[in-house]
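Peer 1: Okay, structure incoming, though there's no sequence with it:
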């Protein structure tokens, strides 16, 4: 079973204060880029893998999705998500993406934000999602970028000219990465870009879009601390079609 | 017109001594990975973009390709390539990939090794190659990896624990990069992975394979200096189908 940091009280208390949890989708600077990758969800059945507080699930219903299944490993998350809606078109369930089973051809859209880098066996998950999607169904997801995750000691360095610089090492040593984020030893799984995209292609997906999140000039003007995100890719955004 | 370092006498003298020029394809550690991406070339028409001394063109003919067109910007390269074969199935021509025109649906395979990162307008080239390939024809290419190319001062650093570390900065500032390689100010064009893959998808290609070159344990045993290539991705290898 995957590590469940989200049910650690210390983690959950800190995590709940993130702008993207307090403010929802508009608190995530990559949301406009994700939204541009999403299909029209009206009358579509969607599954959100790692749904957290359910912001995306509720948004999809507002956009006319016929049904949304929100899945998360964390009891805390699912309880909070359930407390935030009484919409009968949204179902929340506890699920582990390592062992997930989904009914065949039952979703038009599979969506996941910043969850797949906690999954050890991405090949299995890609095959599971391919089977669970209807023909031409779309998988849209974001992960931490492998360039961001790879290093043994990921943190900003200064280059000779004073420019913020991100260190890369161990890129081809895939597998466990431990970082401290509200709690010690948060467990993530590093995979190269080649490994992630090959898993999707091997599962039968056609890659439709690959993007690395970069803040817009308007976003940087509004939040100057985002400027450092021009220096290194922090998130990979992709869509793939069954 | 693209910068033509290869006709600089100092550059050419140094470059000609690289193992991959002296020994050919077996001198390039990424060649086994490229070869695994190539289709059976028997009776296929191929174009090699940035053919250099023609090692790949001659190999394709040995594998039964019906005709190979080798293109390079450099008079030096084309002259050397012509001097190395009298095979009537190989044609060498001087061409600039920035302004290249190719006849429609005239090649079953487009191949390019470490040339596209010298091209400023990759969107145009991707469209040109899509048109030039036959239906289901394959584009197989390698480029310097954007993680390798991005930084203002690309060179090995030491991490706190002594591990070789590669710096990344300016990742989302695409465009010109100048490095010193035999001569000063060699001009390359940095693009994110998202930009490169999106150019291919937008041109109509289906991505078939995306890989980042990583030496095998056997290669590292034979050439211990390759071990550092486990730390950072130096080359991106991709294949895409019309």
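Peer 2: Everything's here; your move. Being a predicted model, the structure only gives us computed values, none of them experimental.
Peer 1: Next up, the contacts around the residue nearest to residue A:183 when sequence neighbours are not counted.
Peer 2: Spatially, and ignoring its direct neighbours in sequence, residue A:183 is nearest to residue A:11 (4.7 Å; CB to CB, 6 or more residues apart in numbering or on different chains). C-beta here means a position set from N, CA and C on the backbone, and glycine is covered the same way. Contacts for residue A:11 (CB atoms under 8 Å, 6 or more residues apart in numbering or on different chains) come out as A:5, A:181, A:182, A:183, A:186.
Peer 1: And the fourth one, its phi and psi?
Peer 2: So the one you mean is residue A:183. phi -130, psi 160 (degrees, to the nearest 10).
Peer 1: So it sits against residue A:7, correct?
Peer 2: No. Residue A:183 is beyond contact range of residue A:7, at 10.9 Å (criterion: CB atoms under 8 Å).
Peer 1: Over to the residue nearest to residue A:183. Which of the three states is it?
Peer 2: helix (DSSP: H, G, I helix; E, B strand; the rest coil).
Peer 1: what do you get for residue A:46?
Peer 2: Relying on three-state DSSP, one would call residue A:46 strand.
Peer 1: residues near it, how many?
Peer 2: For residue A:46, the count of nearby residues is 27 (other CB atoms under 10 Å in any protein chain shown).
Peer 1: Same check on residue A:86?
Peer 2: 7.
Peer 1: Quickly note the distance from it to residue B:2.
Peer 2: 62 Å (CB to CB, to the nearest Å).
Peer 1: Please apply the same query to residue A:32.
Peer 2: With CB to CB as the criterion, residue A:32 and residue B:2 are 35 Å apart.
Peer 1: Look up the closest residue to residue A:145, ignoring the ones flanking it.
Peer 2: Here the nearest residue to residue A:145 in space, its sequence neighbours aside, is residue A:233; by CB to CB, 6+ apart that works out to 4.3 Å.
Peer 1: quick one, longest strand in chain A?
Peer 2: strand A:133-144 (DSSP state E).
Peer 1: And that one, what does it pack against?
Peer 2: helix A:31-37, strand A:107-113, strand A:235-241 (3 or more CB pairs under 8 Å, 6 or more residues apart in numbering or on different chains; DSSP states H and E).
Peer 1: Write out the residues of chain A neighbouring chain B.
Peer 2: Taking CB under 8 Å from any CB of the partner chain as the contact definition, chain A meets chain B at A:147, A:151-153, A:157, A:159-161, A:163-173, A:192-194, A:197-198, A:201, A:206-212, A:214, A:229-233, A:237.
Peer 1: One more pass at 7 Å, please.
Peer 2: Within chain A, the positions lying close to chain B (CB under 7 Å from any CB of the partner chain) are A:147, A:151-153, A:159-161, A:163-173, A:192-194, A:197-198, A:201, A:206-212, A:214, A:230-233.
Peer 1: Mind checking which of the residues you listed land in strands?
Peer 2: Reading strands off the residues of chain A next to chain B with DSSP E, I get A:164, A:165, A:166, A:167, A:168, A:206, A:207, A:208, A:209, A:210, A:211, A:212.
Peer 1: of these, buried ones?
Peer 2: Buried by 16 or more other CB atoms under 10 Å in any protein chain shown: A:165, A:166, A:167, A:168, A:207, A:208, A:209, A:210, A:211, A:212, out of those.
Peer 1: can I get the residues you listed in a markdown table with distance to residue A:125?
Peer 2: Listed next are those as a markdown table, based on distance: CB to CB, whole Å:
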| residue | distance to residue A:125 |
| --- | --- |
| A:165 | 33 |
| A:166 | 27 |
| A:167 | 29 |
| A:168 | 25 |
| A:207 | 16 |
| A:208 | 18 |
| A:209 | 19 |
| A:210 | 18 |
| A:211 | 20 |
| A:212 | 21 |
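Peer 1: Pull the number of nearby residues for residue A:169.
Peer 2: Count around residue A:169 with other CB under 10 Å applied: 24.
Peer 1: got the contact list for it?
Peer 2: A:150, A:151, A:152, B:159, B:163, B:164, B:165, B:166, B:231, B:232 (CB atoms under 7 Å, 6 or more residues apart in numbering or on different chains).
Peer 1: What score does the second one have for pLDDT?
Peer 2: Right, the one you point to is residue A:151. Per-residue confidence (pLDDT) for residue A:151: 96.
Peer 1: Check the fifth one too.
Peer 2: Residue B:163 carries a pLDDT value of 93.
Peer 1: Is residue A:236 in contact with residue A:212, as I believe?
Peer 2: Yes. Residue A:236 is within contact range of residue A:212, at 5.9 Å (criterion: CB atoms under 7 Å).
Peer 1: who touches both of these two?
Peer 2: residue A:145.
Peer 1: Need the three-state assignment for the nearest residue to residue A:80 once chain neighbours are set aside.
Peer 2: Nearest non-adjacent residue to residue A:80, counting by CB to CB, 6+ apart: residue A:53, 5.1 Å away. Here residue A:53 is coil, with the state taken from three-state DSSP.
Peer 1: ok, back up a step: filter the contacts of residue A:169 down to just the buried residues.
Peer 2: A:150, A:151, A:152, B:159, B:164, B:165, B:166, B:231, B:232.
Peer 1: isn't the fifth one right up against residue B:156?
Peer 2: Yes. Under the criterion of CB under 7 Å, residue B:164 is in contact with residue B:156, at a separation of 5.1 Å.
Peer 1: still on that earlier bit, I'd like the helices and strands packed on strand A:133-144 as TSV, with mean pLDDT and mean neighbour count appended.
Peer 2: Shown next, in TSV, are the helices and strands packed on strand A:133-144 (pLDDT from 0 to 100; neighbours: other CB atoms under 10 Å in any protein chain shown):
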stretch	mean pLDDT	mean neighbour count
helix A:31-37	96	17
strand A:107-113	98	24
strand A:235-241	98	23
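Peer 1: quick one: low-confidence ranges for chain A?
Peer 2: A:1 (pLDDT under 70).
Peer 1: go with 80
Peer 2: Chain A contains residues with pLDDT under 80 at A:1-2, A:182.
Peer 1: so the closest residue to residue A:215 other than its chain neighbours, which of the three states?
Peer 2: Excluding the flanking residues, the one nearest residue A:215 by CB to CB, 6+ apart is residue A:226, at 4.2 Å. Applying three-state DSSP to residue A:226 yields a three-state assignment of helix.
Peer 1: Next one: residue A:226 from residue B:80, what distance?
Peer 2: 49 Å.
Peer 1: Neighbour count for those two, which is higher?
Peer 2: residue B:80 (19 against 15).
Peer 1: Pull out the buried positions in the helix or strand containing that one.
Peer 2: Per DSSP states H and E: residue B:80 is located in helix B:75-83. Residues of helix B:75-83 classed as buried: B:76, B:77, B:78, B:80, B:81 (neighbour count, 16+ other CB under 10 Å).
Peer 1: That one - contacts with which helices or strands?
Peer 2: Here helix B:75-83 touches strand B:90-94, going by 3 or more CB pairs under 7 Å, 6 or more residues apart in numbering or on different chains; DSSP states H and E.
Peer 1: what does the strand it packs on rub up against?
Peer 2: In contact with strand B:90-94 (CB under 7 Å, 6+ apart) are residues B:51, B:54, B:57-58, B:61, B:68-73, B:75, B:78, B:81-82.
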